[in-house]
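Chemist: got a sequence here, can you build the structure:
(3 chains)
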Amino acid sequence: MTLSISLGDLAQKFQLELMGDPTIEVSGIANLRDAHSAQLAFLFSSAYRPMLNETAAAAVVMRKADAAGSDKPALISDEPRMVWALIAELFDPTPVPDRTIHPSAFVHPSVAVGKSVTIGANVVIEAGCHIGDDVTIGSGSVIGEGVSLGYQTRLFANVTLYHGVHLGDQCVVHSGAVIGADGFGFEFDKATATLKKIPQVYGVRIGHRVEIGAGTTIDRGALNDTLIADGVKLDNQVQVGHGTQIGANTAISGCTAIAGSTRIGAYCLIGGAVGIIDNIVIVDQVEVTAMSLVSQSIMKKGRYSSGTSLLPGKDWKRSIVGFKRLDEILKRLRRLESGSGS
Amino acid sequence: MTLSISLGDLAQKFQLELMGDPTIEVSGIANLRDAHSAQLAFLFSSAYRPMLNETAAAAVVMRKADAAGSDKPALISDEPRMVWALIAELFDPTPVPDRTIHPSAFVHPSVAVGKSVTIGANVVIEAGCHIGDDVTIGSGSVIGEGVSLGYQTRLFANVTLYHGVHLGDQCVVHSGAVIGADGFGFEFDKATATLKKIPQVYGVRIGHRVEIGAGTTIDRGALNDTLIADGVKLDNQVQVGHGTQIGANTAISGCTAIAGSTRIGAYCLIGGAVGIIDNIVIVDQVEVTAMSLVSQSIMKKGRYSSGTSLLPGKDWKRSIVGFKRLDEILKRLRRLESGSGS
Amino acid sequence: MTLSISLGDLAQKFQLELMGDPTIEVSGIANLRDAHSAQLAFLFSSAYRPMLNETAAAAVVMRKADAAGSDKPALISDEPRMVWALIAELFDPTPVPDRTIHPSAFVHPSVAVGKSVTIGANVVIEAGCHIGDDVTIGSGSVIGEGVSLGYQTRLFANVTLYHGVHLGDQCVVHSGAVIGADGFGFEFDKATATLKKIPQVYGVRIGHRVEIGAGTTIDRGALNDTLIADGVKLDNQVQVGHGTQIGANTAISGCTAIAGSTRIGAYCLIGGAVGIIDNIVIVDQVEVTAMSLVSQSIMKKGRYSSGTSLLPGKDWKRSIVGFKRLDEILKRLRRLESGSGS
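Modeler: Okay, the predicted model is just below:
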């Protein structure tokens, strides 16, 4: 984060209108509240416009309408969040892969290793894997038999891929993620009164540009591959059950649990800590708010919720009493309406 | 998955009635929708019977009643799911342990290592452990002091067992699982206004044939061992609190959180993303549906739920308004019933 | 756990009143139900006083009022839970760090390593890290570039810290935890109809005496550091989003999901499996019960809940029908009250 760049250069590089002195230098980005005088900040919503007078930032990226009447040096864009994504790349401290294979890594002789690959310390790559060009595998990661990793895919440290997992190009997998563990499949065996394991004989197929968060688990399939389409983004600690399919460019927030054999469409937005049961279908462009339970198929795009809103403890207890009596409430209403209420 | 086997051989091996040509060969299993012409599929429910006309499968395992009037070659069973579990074993691609100890593994000289043990790369086994015959420990796993692993137990890669954890025979532990970390025990210290740690001095005892999913965490106990009985199956990302007990053959789906010192019975079915509070009792054969909160003991077997069903956003907001006013609704009902309503 | 200590010595060491024979020896602690005759048990609540007659424990730590009329040898304290925390330390079997650096560990030459440091097998420490005195790093842990770990901080096995993560003194991080992975930041790019990644350029700053549970994930910030203040305790499988702040001495139970840019106060108690949305504020001393969803800021201290209580399946389904009709119920009530009901 030692880069310093002038507002003039930023305006030219990202084709932005500049309001203010082009020679002002910025050496980092920050939010409006915390920015210091050498940093560039961002105004994403007019609601925060009063902070323009308070921020110490050297300059602010904002919409033209928000900049009107402000003295603050400004880079103008209709899409300040997209500009943020682009400028942030300049200041990204993520270590650049060094394109070396650490001597402590164990790579089975049968593995096909591409060009410019980076393999960290204590990595294990089992037989029959294909490692594409420019792939990076973080220290301590373990790659099972017959795995393929596409061009520029990056696994951070301590990732585990079981046998028969396939990732496309330019994927990112964060630490602690486990892809390809057995799905949860057991059948009650009456003869022994125990649960018999159903072997999970399929794998996991992941498309291009998929990001998988820390501690996320994606199980292998039992009767078909688990499929994650191109451009899907999974946050941390998401659980994807066996044989489930997730459509392109769907984003799923942290701690969401998806059971097996469910098919989720493209361009869905699934909130955090959502539960989705097994064997259902969710069409494209469905939005599910945080902590909802999807207990049946959703066949129409739109926004869905379940649960109740947060209440102070005493109020909540009173509502809970009423919730238990809802069936009775309906009956009493009917009785009153029929004139026999009192 | 290069095995090919004839329907005749399958019928004989698993003592199934065969309807159709015994010389037909199958080289894998699949679901009805995706099966190709060399695969065996399964009809688990009569509801999907129409798919018999569409599937490309070479043959289908199904109940006799479902096979009536169909030309599809069939293996007949009253328990098609149990037959699935048995046949799937033939096609299981899970790598067979090679019964070698990788030279990079660190095994403390005091460890008792059984026969035919497989230990992967970079495994660490601390002092005083007992590793049973036929045990497999995946690469990158770390086994703390004094751990015991029973006959044929298999840990996949990157599993962590703390000191004093005991697993019985034929257990399976998936990657990223952590067994024996400290339970969450703190006491508010008035003198310093901070939270003082309560050392978690007990361990974790796990029976035979227990399966533990990827990323699942089972804490060690504070005043008694955490106990997981024989045949328990825990899915991915389950959390088991300190000192909790889970009865034999109970199955717990993904992302369920169980607090400390709770006692769960045998043959329970706990859905995904369920919450179970601390210090309660759940008797045998209790079923809890997905994402329910168990906030008090359950003393009678049966099925239990909490939460609300999923609604389109606008409908949900209207119901939420009503939920907050349930206490008021009851009062207004009472007033109407007493004749003073309007 | 081979230590044996007399009640007299315990009374003196912790300044407790002793009722009974000071020469009685105890060699461990246990709960009242399971304690055997050489163990010390604890009576935390008068509700369990009848167990004094049943327990086999050699002696019991309890309040004076509870000891009255009992023959059981007793150590008297107004705070039996705090005494438990102190005495448990005597019997803690957690392996003591051996203050050696395992030969298989990879420590970059630029790392500043303090005195009496313990580094386990296969640990990786990247360039530019500062490792304080008395630090312990468990086997298989991977520490990214520029990380700092304060005095006596202990990471258990298989922990992952990304670049630019800072932990203060006397922190504890359990296995499988991942600190500093990218926050979940993407912006919809209309031009390509895909989600563009927003680089997460900030880090994670963690204070002193913080404990982080197994499998917990704390993301790095995008426009400001993620901040965890002194004395915070996070249980297992907690998720902390990017740029979120958690105030001093707050305790958060297992499987709670906290979205990004939220500010949680000091001395809060957040129950297990709670969801907290992004960009809100929670003041000091807020208590949230298990599995609640915090969907808006909480500006007043106190106890909060959401959700519904557990019901038998049939009763629950009836209440759910009523929940969907709450808006209609309110309308029918109004009609009845206005005299046009029937």
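Chemist: grab the nearest non-local neighbour of A:Ser46.
Modeler: With CB to CB, 6 or more residues apart in numbering or on different chains as the measure, A:Asp66 is the residue that lies nearest to A:Ser46, at 5.5 Å, once sequence neighbours are left out. For every residue, glycine as well, the C-beta is placed using N, CA and C.
Chemist: pretty sure that neighbour contacts A:Leu43?
Modeler: Yes - in this structure, A:Asp66 is within contact of A:Leu43 by CB atoms under 8 Å, at 5.4 Å.
Chemist: can you check which residues contact both of those two?
Modeler: Here A:Asp66 and A:Leu43 share the contacting residues A:49, A:52, scored by CB atoms under 8 Å, 6 or more residues apart in numbering or on different chains.
Chemist: in stretch A:64-77, what counts as buried?
Modeler: Within stretch A:64-77, the residues that qualify as buried by neighbour count (16 or more other CB atoms under 10 Å in any protein chain shown) are A:66-67, A:70, A:72-77.
Chemist: again with stretch A:99-112
Modeler: So, applying 16+ other CB under 10 Å, buried residues of stretch A:99-112: A:101-102, A:104-107, A:111.
Chemist: again, but for stretch A:288-303
Modeler: Going by neighbour count (16+ other CB under 10 Å), the buried part of stretch A:288-303 is A:288-295, A:298.
Chemist: show me the two of the buried residues of stretch A:99-112 that sit farthest apart.
Modeler: Among the buried residues of stretch A:99-112, the pair separated by the greatest distance (CB to CB) is A:Ser104 and A:Val111, at 15.9 Å.
Chemist: so who does A:Gly128 touch?
Modeler: Shown here is A:Gly128, whose contacts under the criterion CB under 8 Å, 6+ apart are A:108, A:110-111, A:145-146.
Chemist: of those residues, closest to C:Ser139?
Modeler: A:His108 (23.1 Å).
Chemist: verify the stated contact: that closest one with A:Ile125.
Modeler: Yes - look at A:His108 against A:Ile125 with CB under 8 Å: they come within range, at 6.1 Å.
Chemist: contacting residues around the residue nearest to A:Ser46?
Modeler: Applying CB under 8 Å, 6+ apart, one finds that A:Asp66 lies in contact with A:43, A:46, A:49, A:52.
Chemist: how close does the last one sit to A:Ser45?
Modeler: Distance, A:Leu52 to A:Ser45, by CB to CB, to the nearest Å: 12 Å.
Chemist: now A:Lys324, what are its backbone angles?
Modeler: When read as degrees, to the nearest 10, the backbone of A:Lys324 gives phi -60, psi -30.
Chemist: contacts only, for it.
Modeler: The neighbours of A:Lys324, taking CB under 8 Å, 6+ apart as the test, are C:309, C:311, C:315, C:319.
Chemist: of all the residues in the stretch 201-342 of chain A, which one is nearest chain C?
Modeler: For the stretch 201-342 of chain A, the residue positioned closest to chain C under CB to the nearest CB is A:Leu326, at a distance of 2.6 Å.
Chemist: what's the neighbour count on that residue?
Modeler: Counted with other CB atoms under 10 Å in any protein chain shown, the neighbours of A:Leu326 add up to 25.
Chemist: measure the nearest residue to A:Ser110 once chain neighbours are set aside to A:Leu149 for me?
Modeler: Here the nearest residue to A:Ser110 in space, its sequence neighbours aside, is A:Ala127; by CB to CB, 6+ apart that works out to 4.8 Å. A:Ala127 sits 15 Å away from A:Leu149, taking CB to CB as the criterion.
Chemist: neighbour count winner among those two?
Modeler: Under the criterion of other CB under 10 Å, the comparison of A:Ala127 against A:Leu149 puts A:Leu149 first, with 28 against 13.
Chemist: ok, what's across the strand from that one?
Modeler: Partner residues in beta bridges with A:Leu149, using DSSP bridges, are A:Ile131, A:Leu167.
Chemist: cool, A:Ala257 as well?
Modeler: When bridges are taken as DSSP bridges, the partners of A:Ala257 come out as A:Gln239, A:Gly275.
Chemist: and the pLDDT at it?
Modeler: pLDDT recorded at A:Ala257 is 98.
Chemist: over to A:Gly339?
Modeler: A:Gly339 is assigned a predicted lDDT (pLDDT) of 83.
Chemist: can you report how many residues lie near it?
Modeler: 9.
Chemist: secondary structure element for it?
Modeler: With elements taken from DSSP states H and E, nothing contains A:Gly339; it lies in neither a helix nor a strand.
Chemist: and A:Gln12, by the same measure?
Modeler: Assigned by DSSP H and E, A:Gln12 falls within helix A:7-14.
Chemist: buried sites along that helix?
Modeler: Neighbour counts using 16+ other CB under 10 Å place A:7, A:10-11 of helix A:7-14 among the buried residues.
Chemist: stretch A:296-310: end-to-end distance?
Modeler: Separation of the first and last residues of stretch A:296-310 by CA to CA, to the nearest Å is 24 Å.
Chemist: oh, that last question was meant for stretch A:234-250, not what I typed.
Modeler: The first residue of stretch A:234-250 is 8 Å away from its last residue (CA to CA).
Chemist: now stretch A:275-291
Modeler: Here the two ends of stretch A:275-291 are set 7 Å apart, with distance taken as CA to CA.
Chemist: could you pull out the buried residues of it?
Modeler: So, applying 16+ other CB under 10 Å, buried residues of stretch A:275-291: A:275-278, A:280, A:282-283, A:285-291.
Chemist: let me see the mean pLDDT of that stretch.
Modeler: 97.
Chemist: for chain B, what's its nearest residue on the stretch 1-150 of chain A.
Modeler: The shortest separation between the stretch 1-150 of chain A and chain B is 3.9 Å, found at A:Val142 (distances taken as CB to the nearest CB).
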